[in-house]
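[1] Predicted model and sequence follow; I will ask about them next.
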Amino acid sequence: MSAAIEASDGVLAAHILAGAAGLVLGGAALGAEPPPEYRSRAGAGYVWAVAAVAITAIALVALDERELWWLVPLAV
């Protein structure tokens, strides 16, 4: 096992961060009280976080197709 950082490490880190942001923003969007602007900002942030998770999942598949091919149907 190499100590060098590979391209997939950065994509995996972005995938994990986007997923964590989605969890936090999804909860904020669901539990938000008025004003409506806050709810729409949290909801928009959640949508972008979910899109980032899907895009990074596809990028991870592109970097290691043999092992991660099953992520494509989940990401789309």
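    Thanks, I have it. Residues are numbered from 1 along each chain as shown.
[2] Contacts only, for the residue lying closest to Ala75 once chain neighbours are set aside.
    Closest residue to Ala75 apart from its sequence neighbours, by CB to CB, 6 or more residues apart in numbering: Ala57 at 3.8 Å. (C-beta placed from N, C-alpha, C; glycine too.) When contacts are counted by CB atoms under 8 Å, 6 or more residues apart in numbering, Ala57 touches His15, Leu71, Val72, Leu74, Ala75.
[3] Name the next helix or strand downstream of the lengthiest helix in the chain, please.
    Longest helix in the chain, counting residues (DSSP state H): helix 36-63. Downstream of helix 36-63, the next assigned helix or strand under DSSP states H and E is helix 65-68.
[4] pLDDT wise, what is the residue nearest to Ala75 at?
    pLDDT recorded at Ala57 is 86.
[5] One more: Val76?
    So Val76 comes in at 70 (pLDDT).
[6] In contact with it, which residues?
    With CB under 8 Å, 6+ apart as the criterion, the residues that contact Val76 are Ala54, Ile58.
[7] start at 56 instead
    In the new numbering, first residue 56, that becomes Val131.
[8] how far away is it from Val116?
    Distance from Val131 to Val116, counting by CB to CB, to the nearest Å: 11 Å.
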